[in-house]
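Novice: turn this into a structure:
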Amino acid sequence: MRATRRKTKFQADLAPREDRALRLLKKDLQLESNSDFLMDAVAIFQWAVSERRMGRRIVSEDATGERRVLLFPRLERVAPESDLPSVSIEWTKQELESLARLASRPHAAKPTPALVRALRG
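Specialist: Alright, predicted model coming up:
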């Protein structure tokens, strides 16, 4: 006997604003069902994850050649570490001393649980 594959149901609770955004996107894309929308969204995400895993950046370019790189934190979780965005800060001696004083205060503010979760990714 062959096992029949049943379709998986997906349900999302959306705030009114998100629901309006979804409906507008479906209208713009001429999609009738949430299922069609979700399948297309998954296809785009699969492509984006694949590109970032290979270390590629996702870029949009306008007619003048101006480029914008997609910055999407969840997507960066699959990017190779060597390709993660970084910032170099040139600190003056005075700034470093000030930072050291702030960091070594006995009653320095502790990070909130939300900040700790965000930093863990």
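
Novice: after the helix or strand hosting S35, next one along is what?
Specialist: Per DSSP states H and E, S35 falls inside helix 34-53. Later in the chain than helix 34-53, the nearest helix or strand by DSSP H and E is strand 59-61.

Novice: which residues sit against that following strand?
Specialist: R67, R68, V69, L70 (Cβ atoms under 8 Å, 6 or more residues apart in numbering). (Each C-beta comes from the backbone N, C-alpha and C, glycine too.)

Novice: still on that earlier bit, average pLDDT for the helix holding S35, rounded please.
Specialist: Averaged over helix 34-53, pLDDT sits at 94.

Novice: circling back to that earlier point, most neighbours out of the contacts of strand 59-61, which is it?
Specialist: With neighbours taken as other Cβ atoms under 10 Å, the top of the contacts of strand 59-61 is L70, carrying 13 neighbours.

Novice: now for S104, how many residues are close by?
Specialist: By other Cβ under 10 Å, neighbour count at S104 equals 8.

Novice: fine, thanks again, bye for now.
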